[in-house]
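Enquirer: With the sequence up front, the predicted model follows.
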Amino acid sequence: MSGRSIEFVEKLVDLMPTEALVQPDNDGMIALHGAANIGNTKAAAILVEKHPLSLYILSDVNWLPLHYATRAGHKDTLLYLLSVTSSFHAIRIPLWYSASLHCSRF
């Protein structure tokens, strides 16, 4: 994910089943969260191309990939993610979903 060998990332993603790209790690983050968090726009694009719905997967802290790019200050990655993310899904659905989870706990 550091960007040193994007060809390796391309080959690895090509070989992986789509479901593997959305398997969370111990911190509840998928590969696209990680790419956004470190600002690897090329890896993010490869991951989105293979699994576009990963743009809308929330981490354990209810963050989308674009939230990680924003928090870390990765402007290029954020702009890319915004360009491929539907504002309806990215903003409204996670906020509604998150709020409904919190309300159901009371």
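Expert: Good, I have the coordinates.

Enquirer: what sits against residue 22?
Expert: 30, 31, 51, 54, 57 (Cβ atoms under 8 Å, 6 or more residues apart in numbering). (Each C-beta comes from the backbone N, C-alpha and C, glycine too.)

Enquirer: now swap in residue 14 and tell me
Expert: Contacts of residue 14 (Cβ under 8 Å, 6+ apart): residue 50.

Enquirer: What's the per-residue pLDDT of it here?
Expert: You'll see residue 14 listed with a pLDDT of 95.

Enquirer: could you pull out the helices for this structure?
Expert: Counting by DSSP state H, one finds helices in the chain at the ranges 6-15, 31-38, 41-50, 65-72, 75-84, 87, 93-104.

Enquirer: for the protein, which spans come out with low pLDDT?
Expert: Counting by pLDDT under 70, the chain contains low-confidence ranges at 1-4, 87-106.
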